[in-house]
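Q: from the sequence below, what's the structure:
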Amino acid sequence: MAKKAGKRMQQEASKDIHNDSTSQDVEDARASNSAVMSGAFIIGLLQVIVYGSTVFPTVPGGDSGELIAVAHVLGVAHPPGYPLFIMLTKAFNLIFPFGTLGYRASLLSCLFGSGAGTLLFLSVCDLTGSIPAAIVSVSLYSFARLQWLYNITGEVFALNNFLVALLVYQFIRFHRNPSLTSACLGALISGLCLSNQHTSVLYIVIAAPWILYHDRKNLVSPGALFLIGIFGLIGLSPYAFSVWSAVKNEAVLTWGDQSNIRGFFKHLLREEYGTFSLAKGGRETASFTLAMSTHANAVSKETFYLGWPLFALGTVLQLPSKQAETCKRVLLAMLVFYMVFFNWRANLDLGNPLLAGVHERFWMQPNMLVALLGGLGFWHVTRKLTKGAKKKDAQDSSSTNLFPLAIAVLLLSAQIAANYNERDESQNIHIRDFGRSLLAGLKNNSILLTYGDLPGNSVRYVHYCEDFRPDVKVIDLEMMTFEWYLKMLEKFYPGVTFPAKVKVYRHGSDFFDMRKFFDANIDKFNIYVYENLNPEDPSWHGHYEVWRHGIVRSIQRAGTRFDPHVWLKETYDWIPSFPIPDPIKYDERTWERVVHDGFVSAGVYLAMQFEEKAGAYLQSDRATAIECFKAAAKIYQKLFDDQVYDGHREDFWHKNYGLVMYNLAQHDVENRDKYGVVIKKHWKAYVESPAQDDQKEQIMQVVNSL
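A: Sure thing, here's the model as predicted:
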């Protein structure tokens, strides 16, 4: 069979439409199978070493906290459930019992990411027989900023990259040697792809019909189609885990109710998000042209502006055999369909840097084909150059043959060197610290209401994976709008009351709003929230207040007297004192920047709360007002003394601190001189800062008067 396939390939290679090419040229250029396997091993090992040295030591941002925690308790993740990832992560955690659960999940992604790059290497070698071209593809893809990040992150994307790379490789192999066995294997891989992430369907809907048409004599028959379907269903079988978990109903982290057919398909089709959308809501913020151009620009920047030129060459110039050329055209169709359909349906606001960061995660799948076709473009260029050089120096072709390899290795090295420091997350514990900061200062047996991905997922990780503050009842405000979620909470949090005929957080007499929830639980639990309550639910206004408590907020009945001594004692130690993420390394697209902003602002907001309370008490209770100002001053003093804030302090902190001390000097005359020293120090620093402020001249006059 192998001899026949080889003979057929040689015959087709001889029909190369390039006038200056011959079948002998092509065969001479092809690397031996042993050389390809050796190269694949080296490339795979290099990726494992590089990725492994930069992998997260604990939970990363995004959905990682939820996914790792769900895997730990064998629950069901957010739609579509990602059952294959959940099962593989749980198995790996048991097989490899070293490090945190976040580290293990990220290390597993490292292995999948390395596998994806290795399969990309093999795919390019299969199409061109060129190891240098394959190295170039790996350089453009595996060590670019975006792919590198998610190949060291405990998330579903590295597994998706691996499965898609396996699908592409199998598709190429099918074109080389069509058979029912190969088609069945492709169906199995397709099912596994869909058991992890649904975006792979945008490749499958192009590849599958072509495969059936290409080998229709053997594949389009009842028996063959039945067998292909069986293998596809086997690939989809991990979804049985979701049903099993839902029926067992023992996992505290389970999204949806897959114990019935309607609930299963609702979850599978992502109806709660929108089946063909990234998030709930309309498309008024989406822009197809902006999404396409943003993606194109990112590819250029992450490939030294070589990606698209090489891609263009690989797309336009033809390959040495009809099979390879036809295969390339189908791969190009898959790429174009994905980019057009995804950017048409993606409905996140790219003007929001954080949402743009979420959006770009889905570029990795098409980036793989851009890199593959870019490798083909490199093969065409170097083939032309080396062929011309050989004609000039027929006596010494060894150096000519090494030229493409040298260029490829140089590009690979440049990519690694350019991105290593930025992608080194081996010391990044910021998301874990954030989750701990939300829970650490809460009173025993409290309720913590979370709103948003970062607080919810970071807390889930430390709460369930590290067993941190198991006494706290963590409730997601957004998920309280789902009836299945409230049923689950009633089972695991039996003391919490959801006061409604229909237990759903929603407007209407049959449901409950936040005021009703607070009324039913405030006497049983201390209730905290991060960061805000639902702005569309004002029911609690006038009945309850939110007081700053470290990084979270405490729910208090309206009219509760504010005692600055008691509140400072309760909250002072819970002002975040964790290492703060570097805002230069972590830009506004990252969750670490959100952590940075949360850590940096928490103490200032707490101080400002004491300032506001001081203003409220100034006329009616001067002594309490002075104590509030003193509490604010103590907090500012901590922010300026704590070295963790070095390099992160804002200029306006000097102004605020000076203003607090100025108020104290006005109302606590006995200590006016002491306050004046602090006022002068910080207001002078503020005036000399680059901050733009029309009040600087007035502030300087006060400083000079002191």
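
Q: shouldn't Ile475 be within a helix?
A: No - Ile475: not assigned to a helix; according to DSSP: H, G, I helix; E, B strand; the rest coil it is strand.

Q: so what sits opposite it in the bridge?
A: Beta bridges link Ile475 to Leu449, judged by DSSP bridges.

Q: ok, it touching Ile447?
A: Yes - assessed by Cβ atoms under 8 Å, Ile475 is found in contact with Ile447 at 6.2 Å. Where you see a C-beta, it was placed from the backbone N, CA and C, and this is true even at glycine.

Q: what's the overlap in contacts for the two?
A: Residues touching both Ile475 and Ile447 comprise Val496, with contact defined as Cβ atoms under 8 Å, 6 or more residues apart in numbering.

Q: quick one, strands of this protein?
A: Under the criterion DSSP state E, strands of the chain are mapped to 447-450, 473-476, 527-530, 544-549, 552-557.

Q: which of these sits closest to Trp683?
A: Judged by Cβ to Cβ, the one of the strands of the chain that comes nearest to Trp683 is strand 544-549, at 24.8 Å.

Q: tell me what angle that closest one forms with strand 552-557.
A: Going by axes from the mean of the first three to the mean of the last three Cα atoms, to 10 degrees, strand 544-549 is angled at 150 degrees with respect to strand 552-557.

Q: can you give the contact residues for strand 544-549?
A: 441, 515, 518, 522, 528-529, 533, 553-558, 560, 562, 567, 570-571, 574, 602, 605-606, 609.

Q: I'd like the average pLDDT over it.
A: Mean pLDDT, strand 544-549: 96.

Q: what's the spacing between it and its chain's center?
A: When distances are taken as Cα atoms, centre = their mean, to the nearest Å, strand 544-549 is centred 31 Å away from the chain's centroid.

Q: ditto for stretch 463-470
A: For stretch 463-470 - counting by Cα atoms, centre = their mean - the centre lies 22 Å from the chain centre.

Q: from the contacts of strand 544-549, list the buried ones, please.
A: 441, 515, 518, 522, 528-529, 533, 553-556, 562, 567, 570-571, 574, 602, 606, 609 (16 or more other Cβ atoms under 10 Å).

Q: okay, how far is it across stretch 231-250, tip to tip?
A: End-to-end distance of stretch 231-250 (Cα to Cα, to the nearest Å): 31 Å.

Q: hmm, who's touching it?
A: 74-76, 81, 83-84, 86-87, 184-185, 187-195, 251, 254, 256-259, 263-264, 267-268, 491.

Q: what about 7 Å?
A: Defining contact as Cβ atoms under 7 Å, 6 or more residues apart in numbering, one finds that stretch 231-250 is touched by 74-76, 81, 83-84, 86-87, 184, 187-192, 194-195, 251, 254, 257-259, 264, 268.

Q: then stretch 92-107?
A: With Cβ under 7 Å, 6+ apart, stretch 92-107 has contacts from 52, 55-60, 68, 72, 89, 108, 152-154, 432, 461, 465.

Q: one more time with 6 Å
A: With contact meaning Cβ atoms under 6 Å, 6 or more residues apart in numbering, stretch 92-107 is reached by 55-59, 68, 72, 89, 108, 152-154, 465.

Q: repeat for stretch 508-523
A: With Cβ under 6 Å, 6+ apart, stretch 508-523 has contacts from Thr497, Pro499, Ala500, Lys501, Val502, Val504, Leu533, Asp537, Ser539, Trp540, His543, Tyr544.

Q: please redo it, this time with the cut-off set to 8 Å
A: 447, 496-507, 527, 533-534, 537, 539-540, 543-544, 555, 557.

Q: can you flag the buried ones in these?
A: Looking at the contacts of stretch 508-523 with 16+ other Cβ under 10 Å, the buried ones turn out to be 447, 496-498, 500, 503-505, 527, 533-534, 537, 539-540, 544, 555.

Q: wait, which of the residues you listed is closest to Ala296?
A: Asn534 (37.7 Å).

Q: so what's that closest one closest to, chain neighbours aside?
A: Nearest non-adjacent residue to Asn534, counting by Cβ to Cβ, 6 or more residues apart in numbering: Leu477, 6.0 Å away.

Q: that neighbour against Tyr530, yeah?
A: No - between Leu477 and Tyr530 no contact is recorded; they are 9.9 Å apart, counting by Cβ under 8 Å.

Q: name the residues contacting each of these two.
A: With Cβ under 8 Å, 6+ apart, Leu477 and Tyr530 have common neighbours Leu449, Thr450, Tyr451.

Q: how many residues are close by the last one?
A: In other words, Tyr451. The local packing of Tyr451 (other Cβ atoms under 10 Å) involves 17 other residues.

Q: quick one: which of the contacts of stretch 92-107 has the most company?
A: Val59 (35 neighbours).

Q: who's in contact with it?
A: Contacts for Val59 (Cβ under 8 Å, 6+ apart) come out as 65, 68, 100-102, 154, 431-432, 435, 458, 461-462, 465.

Q: kindly report the same for Leu202.
A: Met334, Phe337, Tyr338, Phe341, Phe342, Gln365.

Q: can we see that at 6 Å?
A: Here Leu202 is in contact with Tyr338, Phe341 (Cβ under 6 Å, 6+ apart).

Q: pLDDT at it, what is it?
A: At Leu202, pLDDT is 96.

Q: now do Arg283
A: pLDDT, Arg283: 52.

Q: now do Asp668
A: In this model, Asp668 carries a pLDDT of 85.

Q: and it, how far from Val678?
A: Noted for Asp668: a distance of 13 Å to Val678, by Cβ to Cβ, to the nearest Å.

Q: of those two, who's got more company?
A: Val678 (20 against 16).

Q: what is the neighbour count of the residue lying closest to that one once chain neighbours are set aside?
A: With Cβ to Cβ, 6+ apart as the criterion, Val678 has its nearest non-adjacent residue at 4.7 Å, and that residue is Met661. For Met661, the count of nearby residues is 29 (other Cβ under 10 Å).

Q: rewinding a little: which ChimeraX command selects the buried ones in the contacts of stretch 231-250?
A: Buried residues among those (16+ other Cβ under 10 Å), as a ChimeraX selection:
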select :74,75,76,81,83,84,86,184,187,188,189,190,191,192,194,195,251,254,257,258,259,264,268
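
Q: pLDDT weak spots in the protein?
A: Within the chain, the stretches with pLDDT under 70 are 1-29, 280-286, 388-400.

Q: now with 80?
A: 1-31, 273-286, 320, 387-401, 706 (pLDDT under 80).
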